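Novice: Return a 3D structure for these sequence lines:
(one chain, ligands or ions: 1)
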Amino acid sequence: MKRPLRIAVSASIFHRDASRATYNGRPLSYVEQSMTDWLYEHGAQPYVIGAPSFDRLPLDAVDYGAALSGMDGLLLQGGVDVSPTSYGQQPLRPEWAGDRRRDEYELALLEAAITSNKPVLGICRGCQLINVALGGTLYQDIATQVPASIQHNDREVYELNRHEVEFPAGSELAALYNVTRGVVNSVHHQAIDRLAEGLVVLARSVDDDLVEAVKLAADPHDEPWVLGVQWHPEFQDPRDETLLPTAPLLRAFFRAIEARTHRPEGG
Ligand code: MN
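Specialist: Sure thing, here's the model as predicted:
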């Protein structure tokens, strides 16, 4: 029997914070169970890659290539904002400062995955981080910086907020989902502004044209395989047929992994 695919999941981080009651303020690496459920449901085995605490263990004390060495692919979890300092800007408001330390940890993981040709799937923040890693920028806050935008983030209803996306001509997502448009959930107040060189847009929001999915432009061998979506398939009820289905994206990620895992020696 084939072993399950081993998927490294980047951790969300609670930094040391004496004012937080949970775990008495100690630093935590954590994962949302919707993400591990989604992987388990499709037969994969998630492994959360712990983040260094930064105060006890610095970023460069961890060998991220070694951390991924037994893994087949990397899944970048959603979560807190990307820090504007990670793409050469200052926060326009203090509450948009994001988490520079999580950026550093995930950027190191992403670089290690790309270097070792392990496929990467980015969800929400993960999609934004892929753009930032490759030199792109973000809108720090969609509502104020893109006045004509629709609501991409609604704190009242969270993942029940939804909108339509369109797959531009040639987008592989059209073939993947077998439609040219679909509805997705939307829980983000940041979005891709300047697209990084080397990325192609795979989906845009129908009503305001914002980027909703990107992929690293493939070389003839489709390497490395790095894809990000702005929505959260892991939050969805798989039986909800009003949204784009949850399985095709994960299956595409797994196919990219299988294509590498079963490659003959020297091929
Ligand atoms: Mn959206």
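
Novice: can you pull the contacts of residue 161?
Specialist: The contact partners of residue 161, by C-beta atoms under 8 Å, 6 or more residues apart in numbering, come to 151-154, 185-187. Where C-beta positions appear, they are placed from N, C-alpha and C, glycine not excepted.

Novice: do the same with residue 233
Specialist: Residues in contact with residue 233 (C-beta under 8 Å, 6+ apart) are 38, 123, 244, 246, 249-250.

Novice: what's the answer for residue 88, then?
Specialist: Contacts of residue 88 (C-beta under 8 Å, 6+ apart): residue 137.

Novice: ok, now residue 111?
Specialist: Residue 111 touches 64, 133, counting by C-beta under 8 Å, 6+ apart.

Novice: what about residue 111, which SS state?
Specialist: Following DSSP: H, G, I helix; E, B strand; the rest coil, we place residue 111 in the helix state.

Novice: State the distance from it to residue 121.
Specialist: 16 Å (C-beta to C-beta, to the nearest Å).

Novice: Might you enumerate the residues of the stretch 151-267 of the chain proximal to the ion?
Specialist: Applying C-beta under 5 Å from the ion, we find that the stretch 151-267 of the chain lies next to the ion at 152, 186.

Novice: All the strands of the stretch 151-267 of the chain, residue numbers only.
Specialist: Along the stretch 151-267 of the chain, the segments classed as strands by DSSP state E, counting those that start in this stretch run 162-166, 181-185, 191-192, 199-205, 211-216, 226-229.

Novice: Now tabulate those in TSV and tack on mean neighbour count.
Specialist: Output for those, formatted as TSV (neighbours: other C-beta atoms under 10 Å):
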stretch	mean neighbour count
strand 162-166	19
strand 181-185	18
strand 191-192	24
strand 199-205	20
strand 211-216	24
strand 226-229	24
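
Novice: Same list, those strands, but as a markdown table with mean pLDDT please.
Specialist: What follows is those, written out as a markdown table (pLDDT from 0 to 100):
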| stretch | mean pLDDT |
| --- | --- |
| strand 162-166 | 98 |
| strand 181-185 | 98 |
| strand 191-192 | 98 |
| strand 199-205 | 97 |
| strand 211-216 | 97 |
| strand 226-229 | 98 |
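
Novice: mind checking which of the ones you listed is nearest residue 50?
Specialist: Residue 50 lies closest to strand 226-229 among the strands of the stretch 151-267 of the chain, at 22.4 Å (C-beta to C-beta).

Novice: Reformat the strands of the stretch 151-267 of the chain as TSV; add distance to residue 70.
Specialist: As requested, the strands of the stretch 151-267 of the chain are exported to TSV (distance: least, C-beta to C-beta, whole Å):
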stretch	distance to residue 70
strand 162-166	35
strand 181-185	32
strand 191-192	32
strand 199-205	28
strand 211-216	23
strand 226-229	20
